[in-house]
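Engineer: model this:
(one chain, ligands or ions: 2)
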Amino acid sequence: MPQPFVLFDNVCKYYQMGETRIAASDHVSFEIEKGEFCVILGPSGAGKTTLFNLLLGLYEPTSGEIAVDGTPLTAANRRAWQNRIGYVSQRLFHTDGTFAANVAPGVPDAEIDRRRVTEALEAAQLGEFIASLPLGIDTPVGECGSRLSGGQRQRIGIARALYRRADVLFFDEATSALDSRTEGEINRSIAAIAARNPGLTLLVIAHRETSLEYCDRIITLEK
Ligand code: ADP
Ligand code: MG
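Structural biologist: Ligands and ions are numbered 1, 2, ... in the order given. Predicted structure coming up:
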């Protein structure tokens, strides 16, 4: 029997609040296959962020089991697993520094692998845009400023995760705070990234059903 890529088997997570136990995740079971585009759906407070923290190994389940490639997630293998996951947010974007510095943050300029930066930007569907800039990846992001759309900012975040060779991308964007045009652009952009990178697993937290169009799997959490 082939093992699922990610398995949540009857996972519960309770937070102790004085005498009250809050069930943030109550007997949650699902599987995710490698390369899938999954949407996690549920109202505010349903446990979506908790699910992500469990998946990352930042929280331990109160009961149940989480396994990756058939191996239970433990303190010993957690770090290696975390290194495979990229958290994508528009808020991680810096207006100071160049595109290269945004894709490889914290890497000294001389040590940035420029070819890998370009490949990551291409995989994130920013190749044409960058090619249209006279300075290419050396363009200060701030110079593009308001010309960068919400979707483009997010794609810089995706390129950053791809640069560090993450093969699981997690999106926990409060799309409810975005106007519907930006939300539509971001959803289409994620779908295009999924189509272009078949080995990449995408987990997207959705606040509305509008983002479900192209996904492979829907995980619904109830409050
Ligand atoms: P969502 O991301 O779907 O809005 P969360 O996972 O943030 O849901 O929260 C699920 C439930 O767990 C909520 O009732 C929330 O108040 C509670 N909760 C989340 N984090 C904590 C925490 N660190 N301590 C105590 N309760 C928490
Ligand atoms: Mg949340």
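Engineer: who's in contact with Gly199?
Structural biologist: If you count contacts by Cβ atoms under 8 Å, 6 or more residues apart in numbering, Gly199 has them with 34-35, 167. From N, CA and C alone the C-beta is placed, and that goes for glycine too.
Engineer: and the residue positioned nearest the centre of the chain, how far from Thr50?
Structural biologist: Nearest to the mean C-alpha position of the chain, by Cα atoms, centre = their mean, lies Phe170 at 1.8 Å. Applying Cβ to Cβ, to the nearest Å, the value for Phe170 to Thr50 is 13 Å.
Engineer: repeat that for Gln125.
Structural biologist: The spacing between Gln125 and Thr50, counted by Cβ to Cβ, is 31 Å.
Engineer: how about the residues of the chain by ligand 1?
Structural biologist: 15, 17, 22, 24, 42, 44-50 (Cβ under 6 Å from any ligand atom).
Engineer: what packs against the longest helix anywhere in the chain?
Structural biologist: Secondary structure assigned by DSSP state H gives helix 180-196 as the longest helix of the chain. Applying 3 or more Cβ pairs under 8 Å, 6 or more residues apart in numbering; DSSP states H and E, one finds that helix 180-196 contacts strand 37-41, helix 150-163, strand 201-206.
Engineer: now distance to ligand 2, mean pLDDT and mean neighbour count too, for those, in CSV please.
Structural biologist: As requested, the helices and strands packed on helix 180-196 are exported to CSV (distance: least, Cβ to the ion, whole Å; pLDDT from 0 to 100; neighbours: other Cβ atoms under 10 Å):
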stretch, distance to ligand 2, mean pLDDT, mean neighbour count
strand 37-41, 10, 91, 22
helix 150-163, 17, 89, 23
strand 201-206, 7, 90, 23
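Engineer: run through the chain and note the low-pLDDT ranges.
Structural biologist: Along the chain, segments meeting pLDDT under 70 span 1, 90, 92-93, 145, 173-178, 208-212.
Engineer: who in it is up against ligand 2?
Structural biologist: By the rule Cβ under 5 Å from the ion, the part of the chain lying against ligand 2 is 48-49.
Engineer: list the contacts of the closest residue to Ser189 other than its chain neighbours.
Structural biologist: The spatially closest residue to Ser189, leaving aside those adjacent along the chain, is Gly151, at 4.3 Å (Cβ to Cβ, 6 or more residues apart in numbering). Going by Cβ under 8 Å, 6+ apart, Gly151 touches 182, 185-186, 188-189.
Engineer: that older thread, is it possible to get CSV of the helices and strands packed on helix 180-196 that adds distance to Ala80?
Structural biologist: Shown next, in CSV, are the helices and strands packed on helix 180-196 (distance: least, Cβ to Cβ, whole Å):
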stretch, distance to Ala80
strand 37-41, 21
helix 150-163, 16
strand 201-206, 16
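Engineer: need the contact list for the residue in the chain that ligand 2 sits nearest to.
Structural biologist: Going by Cβ to the ion, ligand 2 is nearest to Thr49 of the chain, at 3.3 Å. Counting by Cβ under 8 Å, 6+ apart, Thr49 touches 172, 205.
Engineer: surely it is within a helix?
Structural biologist: Yes: applying DSSP: H, G, I helix; E, B strand; the rest coil, one finds Thr49 inside a helix.
Engineer: higher neighbour count, Gln125 and Thr50?
Structural biologist: Legend: neighbour count by other Cβ atoms under 10 Å for Gln125 and Thr50, higher for Thr50 (21 against 18).
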